[in-house]
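Undergrad: pasting the sequence and the predicted coordinates here, then a few questions.
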Amino acid sequence: GEQRYVTELEDFISKTIQPLALALSTSGQTHLYLDVHYLDELVKFHRHLSHILRDTLKTQHRVGGVFLQLAPSLKSIFEAYCYQHAKTLFLLNHNKDRISTTLAKIDPSNDTNQSYIQLIKNLSLPLNRLEKYANLLKEYLHNLE
């Protein structure tokens, strides 16, 4: 679960986000800065979480405590991600034609419109994942009662 999610994010960053950010910054047109460092922070956190969960499951089988322990880090990383996510979506939508053209150059085998939709969808993956963590914590707290 968690490791597969980390791998999916890493692939998205290396195959789409990094080439897109590079192409946009060196295109010769008006500079369009795509701030993606928050994605790297998110992946680093999830890699750490995956490692801790794997170790915890080997010994204790109590993952709720792991989430409570990491909650402050999770909160700050996701607050930054949510803030940046809204700005990024605005930037992408405002420059959709340019982004779509650049995505087509990065991977000509993909349909341009589909690549753009996939970009937006993948940028929302962490937000969708957050809901899963909330449900896990609710279940954990319910089992404590």
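TA: Great, that's in hand.

Undergrad: quick check: which ranges of this protein have low pLDDT?
TA: Counting by pLDDT under 70, the chain shows low-confidence ranges at 27-34, 61, 136-137, 140-141, 143-145.

Undergrad: over to Glu8: give its phi and psi.
TA: Backbone torsions of Glu8, given as degrees, to the nearest 10, read phi -60, psi -40.

Undergrad: what's the longest helix in this protein?
TA: Secondary structure of the chain read by DSSP state H shows that its longest helix is helix 64-94.

Undergrad: name the helices or strands packed onto that helix?
TA: helix 37-59, helix 112-123, helix 125-144 (3 or more CB pairs under 8 Å, 6 or more residues apart in numbering; DSSP states H and E). Where C-beta positions appear, they are placed from N, C-alpha and C, glycine not excepted.

Undergrad: out of these, nearest to Leu89?
TA: helix 112-123 (6.9 Å; CB to CB).

Undergrad: coming back round to it: got the helices and strands packed on helix 64-94 as TSV, with mean neighbour count and distance to Ala104 columns?
TA: Putting the helices and strands packed on helix 64-94 into TSV (neighbours: other CB atoms under 10 Å; distance: least, CB to CB, whole Å) gives the following:
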stretch	mean neighbour count	distance to Ala104
helix 37-59	15	22
helix 112-123	16	5
helix 125-144	12	22
